[in-house]
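J.: Need the 3D shape of this:
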Amino acid sequence: MDTQKLILLVIFSFSLLMLWEAWEKEKRPKPAPSAPSAAQQGVPAPAKPEAGAPAKAPAKSPAAVSTTETPPAGEIVRVRTDLVAAEIDTRGGTLKRLELLKHADTENPSRNFVLLGPDHRYEAQSGLTQEGGPNHLTLWKASGTEFALPAGQDTVQVRLTGEGRDGVAVEKVYTFKRNSYVVDVALQISNRGAAPLTPHAYFQFTHDGKAAANVNAVAQTFGAQSFIGFAIYTAEKAYEKIHLPDLDKGKFERRAESGWLAFVQHYFVSAWLPPEKLAHDFNALKRGDGLYSGNLVVSPGAIAPGASSGVQVSLYAGPQEQRRLQAAAPGLDLVVDYGWLAIIAWPLFWLLEKFHALSGNWGVAIILLTVLIKLVFFPLSAASYKSMAKMKLITPRLTKLREMYAHDRQKMNQAMMELYKTEKINPLGGCFPILVQIPVFIALYWVLLAAIELRHAPFMLWIKDLSALDPYYVLPILMTATMVLQTRMNPTPPDPVQARVMQIMPFVFSIFFFFFPAGLVLYWLVNNILSIAQQWQIQRMFDRDKPAHAKR
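T.: Sure, this is the predicted structure:
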């Protein structure tokens with residue numbers, strides 16, 4: 001296979017894999033439309049009874065709260081720990097704002113990143129599904145308005161009390177922890193009425209569904225970390241995405257004995273983490289007010305008059321740092337989306353972490369990982385470059401054959417095959433080794449785009465953020481230069497049109513790298529430099545030791 005065809009095949013294969021990802025995303029089955037329910041008004045319906053269980057009369061019908069009603073105004077309760085600054089609105093007892101103190105804002109690094117907040121009406125709500133609440137529209141009472149994690153203590157609690165109808169009272173307790181993005185949210189339900197109560201509690205997220213303005217457009221084109229939406233994890237189906245456009249068609253419902261519900265975006269995630277073996281319903285829909293809502297509904301069981309019972313669900317709201325996600329809940333680290341090559345991407349990130357632990361610099365870790373990958377594939381790469389070197393030696397003879405049999409393609413092909421046989425050249429020898437490496441390259445592409453550890457991570461000199469574009473485009477320009485040099489080291493195609501295409505190809509292909517994060521361009525640049533060195537050495541060996549019949 002000619003060198004130019006090989007390079008075109010590699011580029012085509014890479015593009016085909018990315019197009020397949022986009023096609024799968026477009027063609028996935030859509031859920032069947034369902035009729036609007038009470039949950040579309042903001043408060044979820046009670047959980048459904050388990051299959052085979054005796055039917056129980058609900059204490060109250062599902063709430064049908066109108067979004068046109070003006071809820072009572074509340075006050076803001078502020079909480080500060082070593083990692084987060086939170087704001088809880090007493091109207092609903094809702095976590096309405098969460099600022100991550102260790103992560104800078106993407107567009108303005110002088111400010112902290114706000115995960116939950118009014119920009120996208122992104123909130124963490126909770127309450128009871130019964131009519132009259134208390135729910136996220138109820139006015140709750142707080143014991144104070146300013147809370148901070150005391151020195152020497154590991155937790156700080158915020159207590160709110162809410163009154164519902166028919167003697168239902170709820171104490172909501174937020175427990176913030178030191179060095180943790182996990183917040184425990186407990187609902188202690190008291191039945192002060194005269195009749196038994198079977199309450200259902202809900203924990204939900206709301207979001208306007210709009211992606212952050214800073215999401216890289218080219219990365220979205222290739223499907224890398226462009227997902228924004230809900231996700232659930234169950235024992236039956238480990239990880240399942242709920243795409244927001246699908247919710248425009250109808251409601252998503254699922255019942256499970258365990259698992260969690262998350263809202264996923266690039267680099268960050270919020271997830272409700274109920275206790276193990278606590279049956280609950282998952283629901284996700286587009287509400288009547290235009291917001292997307294995802295919730296899980298649980299029941300603490302029947303509560304007799306004068307008695308109380310409670311339920312606690314943890315909330316993880318923070319960065320997609322794999323170690324923190326793994327510690328928070330089983331399977332939560334799956335929200336770090338490495339695509340369909342995750343089986344390769346996970347060990348690559350593990351190696352990247354090890355190299356960072358050694359060097360203390362993520363840019364250096366990328367370089368070391370690139371060198372390691374190059375060493376692993378050295379035998380394959382060497383075979384590919386040897387094949388190219390042999391092809392370069394016989395290129396003049398191939399050109400003569402093309403000229404000699406220009407009007408008889410069959411004889412030309414026969415003569416070329418005889419030449420390959422004489423010189424012991426496999427025309428496909430340079431193809432297979434490169435194709436084998438393509439999955440690794442793509443997996444590392446996803447790792448470098450998905451790892452929050454690289455977000456705002458400096459490398460050296462002008463590179464202050466490996467997850468952002470090179471501000472002066474030095475790396476992409478060097479990348480283009482290495483691609484041009486590689487092209488010139490390959491055999492010149494005998495066809496003038498093909499030769500011209502190969503001259504232009506590096507400039508066309510390198511345009512993409514002007515829009516890729518600096519960390520990804522750094523990987524490709526180092527890989528190209530190593531490839532040039534390896535190819536040059538092999539070519540030099542062949543020029544020195546080429547057989548006599550190749551010199552004709």
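J.: Counting neighbours, what do you get for Tyr405?
T.: 16 (other Cβ atoms under 10 Å). The C-beta positions use only the backbone N, C-alpha and C, and glycine is treated the same way.
J.: What residues does the nearest residue to it once chain neighbours are set aside make contact with?
T.: The shortest distance from Tyr405 to any residue other than its chain neighbours is 3.5 Å, reached at Met412 (Cβ to Cβ, 6 or more residues apart in numbering). Shown in contact with Met412 (Cβ atoms under 8 Å, 6 or more residues apart in numbering): Leu401, Arg402, Met404, Tyr405, Ala406.
J.: Nearest to Gln153 among the residues you listed?
T.: Comparing these against Gln153 with Cβ to Cβ places Arg402 closest, at 81.0 Å.
J.: tell me the SS of the closest one?
T.: Look at Arg402: counting by DSSP: H, G, I helix; E, B strand; the rest coil, its state is helix.
J.: In terms of pLDDT, where does it sit?
T.: Here the pLDDT value assigned to Arg402 is 73.
J.: distance of it from Val313?
T.: Taking Cβ to Cβ, to the nearest Å as the measure, Arg402 falls 72 Å from Val313.
J.: and if you look at Thr198?
T.: 18 Å.
J.: Which one of these two is surrounded by more residues?
T.: Neighbour tally, Thr198 and Val313, criterion other Cβ under 10 Å: the higher count belongs to Val313, 23 against 18.
J.: would you say the more buried one is within a helix?
T.: No - secondary structure of Val313 (three-state DSSP): strand, not part of a helix.
J.: Who are the contact partners of it?
T.: Going by Cβ under 8 Å, 6+ apart, the list of residues near Val313 reads Ser126, Asp184, Val185, Ala201, Phe203, Trp272, Leu273, Pro274, Pro275, Leu296, Val298.
J.: Dihedrals phi and psi, Asp166?
T.: The main-chain torsion angles of Asp166 are listed as degrees, to the nearest 10 and equal phi 60, psi 40.
J.: how near is it to Ala194?
T.: Noted for Asp166: a distance of 9 Å to Ala194, by Cβ to Cβ.
J.: what does His136 give?
T.: When Cβ to Cβ is the yardstick, His136 and Ala194 sit 27 Å from each other.
J.: Neighbour count for the two, which is higher?
T.: Neighbours were counted for His136 and for Ala194 using other Cβ under 10 Å; His136 has more, 24 against 9.
J.: Name the helix or strand for the more buried one, please.
T.: Remark: His136 resides in no helix or strand, with elements defined by DSSP states H and E.
J.: thinking again about what came up before, let me know the closest of the contacts of Val313 to Gln486.
T.: Of the contacts of Val313, the one sitting nearest to Gln486 (Cβ to Cβ) turns out to be Leu273, at 49.1 Å.
J.: contacting residues around that closest one?
T.: Leu273 neighbours (Cβ under 8 Å, 6+ apart): Val182, Trp260, Val313, Ser314, Leu315, Tyr316, Ala328, Ala329, Leu332.
J.: ok, what's across the strand from it?
T.: Beta bridges link Leu273 to Ser314, judged by DSSP bridges.
J.: What of Thr206?
T.: On the basis of DSSP bridges, Thr206 takes part in beta bridges with Glu123, Ser293.
J.: got the domain boundaries for the chain?
T.: Listed domain ranges for the chain are 3-20+346-551, 75-337 (source: automatic domain parsing).
J.: quick one: Ala328 from Leu95, how far?
T.: Shown here: Ala328 relative to Leu95, a distance of 17 Å by Cβ to Cβ.
J.: If you count surrounding residues, which of those two has more?
T.: For Ala328 and Leu95, the more surrounded residue by other Cβ under 10 Å is Leu95, and the numbers stand at 26 against 20.
J.: any idea which element that one lies in?
T.: Under the criterion DSSP H and E, the helix or strand holding Leu95 is strand 94-104.
J.: buried ones in that strand?
T.: Of all the residues in strand 94-104, those buried under the rule 16 or more other Cβ atoms under 10 Å are Thr94, Leu95, Lys96, Arg97, Leu98, Glu99, Leu100, His103, Ala104.
J.: Can you list the neighbours in contact with it?
T.: Outside strand 94-104, the residues that reach it (Cβ under 8 Å, 6+ apart) are 76, 82-89, 110-118, 123-126, 136, 174, 181, 183, 268, 315, 317-319, 455-456.
J.: one more time with 7 Å
T.: Strand 94-104 has contacts (Cβ atoms under 7 Å, 6 or more residues apart in numbering) with 83-89, 111-117, 123-125, 136, 317-319, 456.
J.: immediately after that strand, which helix or strand?
T.: Sequence-wise, the next helix or strand downstream of strand 94-104 (DSSP H and E) is strand 112-116.
J.: what are the pairing partners of that following strand, and which direction each?
T.: strand 94-104 (antiparallel).
J.: in the chain, which ranges drop under the pLDDT threshold?
T.: Low-confidence segments of the chain (pLDDT under 70): 1-41, 45-72, 213-226, 382-390, 392, 423-434, 490-499, 502, 539, 541-552.
J.: how about the helices in it?
T.: For the chain, applying DSSP state H gives helices covering 3-27, 217-221, 244-247, 322-328, 342-359, 362-376, 378-404, 409-422, 432-450, 474-489, 496-510, 518-545.
J.: wait, which of those helices is closest to Ala142?
T.: Nearest to Ala142 among the helices of the chain is helix 322-328 (26.3 Å), distances taken as Cβ to Cβ.
J.: Give the buried residues for the closest one.
T.: For helix 322-328, the neighbour count (16+ other Cβ under 10 Å) marks Gln322, Arg324, Leu325, Ala328 as buried.
J.: separation between the first one and Trp462?
T.: In this view, Gln322 and Trp462 are 29 Å apart by Cβ to Cβ.
J.: Leu341 is in contact with Ile442, correct?
T.: Yes - at 5.8 Å, Ile442 and Leu341 qualify as touching, with contact defined as Cβ atoms under 7 Å.
J.: For Met489, see how far away the residue nearest the centre of the chain is.
T.: Among the residues of the chain, the one closest to the centroid is Asp337, at 3.5 Å (Cα atoms, centre = their mean). Taken as Cβ to Cβ, the spacing of Asp337 relative to Met489 amounts to 37 Å.
J.: From the contacts of strand 94-104, keep the buried residues only.
T.: Neighbour-count burial (16+ other Cβ under 10 Å) is assigned, among those, to 83-89, 112-116, 123-125, 136, 317-319, 456.
J.: So what's the residue count around the closest residue to Val173 other than its chain neighbours?
T.: Taking Cβ to Cβ, 6+ apart, and ignoring the residues beside it in sequence, Val173 has Ala186 as its nearest neighbour in space, at 4.5 Å. Burial measure for Ala186: 18 neighbouring residues, criterion other Cβ under 10 Å.
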